[in-house]
Structure formats: structure tokens, C-alpha cells
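Asker: Starting from these lines, generate the structure:
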Amino acid sequence: MADELIHTGRIVEITPRFTTVEIVSQTACGSCHAAGFCGMGEAVKKAIQVPTTLGGWHEGQEVQVVLRRSMGFKAVWLAYVIPLCLLLAVLLGLSAAGVRELYAGLAGVAAAAVYYIILWLFRERLRNEYSFYIKEND
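Answerer: Model (predicted):
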């Protein structure tokens with residue numbers, strides 16, 4: 001199963017189109033026995049919508065949400081690596097061209113913002129490309 005990303009969650013809602021699974025994401029210190037005392041440990045609940053498939057699923061059932069690992073790497077590239085490279089390219093390019101640092105920095109941030117807006121405009125296409133599926137908890 002090295003080619004899959006698996007998260008355990010609980011089904012919170014089932015509709016004809018989507019099944020919503022709630023997973024709890026914990027920080028590295030979230031499992032520490034002293035996390036409650038130091039305040040550094042935190043758990044974040046995330047809801048993932050998975051296309052509803054045939055199966056005997058019911059609300060409250062513990063399941064595993066699975067995504068191909070290659071899709072996870074692609075998400076990291078789209079969300080972090082490409083905008084960082086774009087920001088740095090604009091910043092360094094304009095700085096080398098003699099533009100003041102303030103304007104070069106603002107242009108770099110604006111270029112990253114435009115990239116994220118374009119990514120947001122293509123969210124439906126990306127949603128169809130990133131397909132999660134549910135399997136029973138082992």
C-alpha cells in the first residue's frame with residue numbers, strides 16, 4: 001500500500017452525490033501524553049467529500065479514505081512549489097532589471113495571488129482529477 005495515502009475517518013453525511021468523511025489531523029505532538037498540559041498539541045477536523053459509491057456505508061461508520069500517493073505529490077507541487085518558484089522568478093527577475101525592492105516584492109506576491117486565483121477558477125477540473133475513495137477500516 002506504499003502507493004496510497006490513507007486516512008481513517010468517520011462518515012458524517014451521505015447524499016446521492018457525495019459522502020462526507022470527517023478525518024482528524026493531528027500535529028506531531030498530538031499523540032504526546034503531555035500535549036494537554038503544554039498547549040502545543042492540536043487536532044484539526046477536516047471534511048472530505050468523496051463521490052458516493054455503492055456499498056453498505058452508513059453515517060457514523062469508521063472508514064478509510066484513500067488517495068493515490070502520486071496525486072498527493074501533484075497537490076504539493078500545485079499548492080506550494082509552483083507558486084514559490086513563480087514568486088521567486090518574478091522577484092529576482094525584476095530585481096535584476098533594476099526595479100525597486102518594494103515593487104519587485106509586491107509584483108512577486110501579486111503573481112502568486114494571480115496563480116492561486118487561476119487555480120481556484122479550475123477547482124472543478126481539479127476536483128474531478130483528485131478522486132478519493134472509501135474502503136472499510138481494517
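Asker: contacts and neighbour counts: CA atoms only from here.
Answerer: Will do.
Asker: How about residues contacting the helix ranked longest in the chain?
Answerer: Using DSSP state H, we find that the single longest helix of the chain is helix 101-121. With contacts defined as C-alpha atoms under 8 Å, 6 or more residues apart in numbering, helix 101-121 is touched by P83, L84, L86, L87, L88, A89, V90, L91, L92, L94, S95.
Asker: Quick check: mean pLDDT of the next helix or strand along the chain from that helix?
Answerer: Following helix 101-121 in sequence order, the next helix or strand is helix 123-129 (DSSP states H and E). The average pLDDT within helix 123-129 is 78.
Asker: just checking, what packs against helix 123-129?
Answerer: Packed against helix 123-129 by the contact rule (3 or more C-alpha pairs under 8 Å, 6 or more residues apart in numbering; DSSP states H and E) you find no helix or strand.
Asker: Report the buried residues of the helix or strand that it is followed by.
Answerer: As assigned by DSSP H and E, the chain's next helix or strand after helix 123-129 is strand 133-136. Neighbour counts over strand 133-136 (16 or more other C-alpha atoms under 10 Å) mark Y133, I134 as buried.
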